[in-house]
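Enquirer: Predicted model and sequence below, questions to follow.
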Amino acid sequence: MLSLLIPEAAIIVIAMLPVFELRLSIPIAVFQFHFSVMKACVLSIIGNIIIIVPLLVFFRCLFHELENIGFIGKFFRWWFSSVSRRSKVIEKWGFWGLVFFVSIPLPGTGAWSGAIAANLFNFQIKKAFAAITIGVLIAGVLVTLASIGAIKLWIV
């Protein structure tokens, strides 16, 4: 499927996906498409940032309705409670807690979960967007640095 898309567009789309986000798009860009590390990082950050406002609006408007949709609702209830359990740092530190939460490059802590957490803690959309964007930038740098280390180990 990736070969059907322009490689740059594929990286942006992967960075927009839940769970994977730029944690997957950067290594794919570097290892699969042989992009420079800078190009991989920039495209992945763009893709991860593009989705933030739509997510914030989506979760703001449909947050409680999602929990009541059969099998999908069960998944969203699990996801919402998972984010809620892991978001103590946001409760304590507010804006900077959300930045930290999003910046940790582990599954379940990126822009998607940050948008859920921002909704749980009633962040204004502008403030949530700023915090999540800063977190995505930090995560992009961290994943890029990890990829550089992985490249050096892989080549040796």
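Expert: Sure thing, it's come through.
Enquirer: The lengthiest helix in the chain - what's its average pLDDT?
Expert: Criterion DSSP state H: the longest helix present in the chain is helix 125-155. Per-region confidence: helix 125-155 scores 85 on mean pLDDT.
Enquirer: Return the distance of the nearest residue to Leu55 once chain neighbours are set aside relative to Gly108.
Expert: Spatial nearest neighbour of Leu55, chain neighbours left out: Ala115 (3.8 Å); criterion: C-beta to C-beta, 6 or more residues apart in numbering. Heads up, the C-betas are built off the backbone N, CA and C, glycines and all. For Ala115, the distance to Gly108 equals 12 Å [C-beta to C-beta, to the nearest Å].
Enquirer: and what of Thr144?
Expert: Thr144 is 20 Å from Gly108, by C-beta to C-beta.
Enquirer: So which of these two has more stuff around it?
Expert: Thr144 (23 against 15; other C-beta atoms under 10 Å).
Enquirer: ok, and the closest non-adjacent residue to that one?
Expert: In space, Thr144 is closest to Cys41, 4.3 Å off (C-beta to C-beta, 6+ apart).
Enquirer: and the longest helix of the chain, what other elements does it pack with?
Expert: Applying 3 or more C-beta pairs under 8 Å, 6 or more residues apart in numbering; DSSP states H and E, one finds that helix 125-155 contacts helix 21-27, helix 37-50, helix 52-66, helix 95-103, helix 111-120.
Enquirer: Name the residues that touch the longest one?
Expert: Contacts of helix 52-66 from elsewhere in the structure, counted by C-beta atoms under 8 Å, 6 or more residues apart in numbering, are 72-73, 76, 80, 111-112, 114-116, 118-119, 125, 128-129, 132-133, 136.
Enquirer: need the next SSE after that helix, C-terminal direction.
Expert: As assigned by DSSP states H and E, the chain's next helix or strand after helix 52-66 is helix 70-86.
Enquirer: Could you list the residues in contact with whichever helix or strand comes after that next one?
Expert: Beyond helix 70-86 in the direction of the C-terminus, DSSP H and E gives the next helix or strand as helix 88-93. Helix 88-93 is touched from outside by 97-98, 100-101, 117, 121, with contacts defined as C-beta under 8 Å, 6+ apart.
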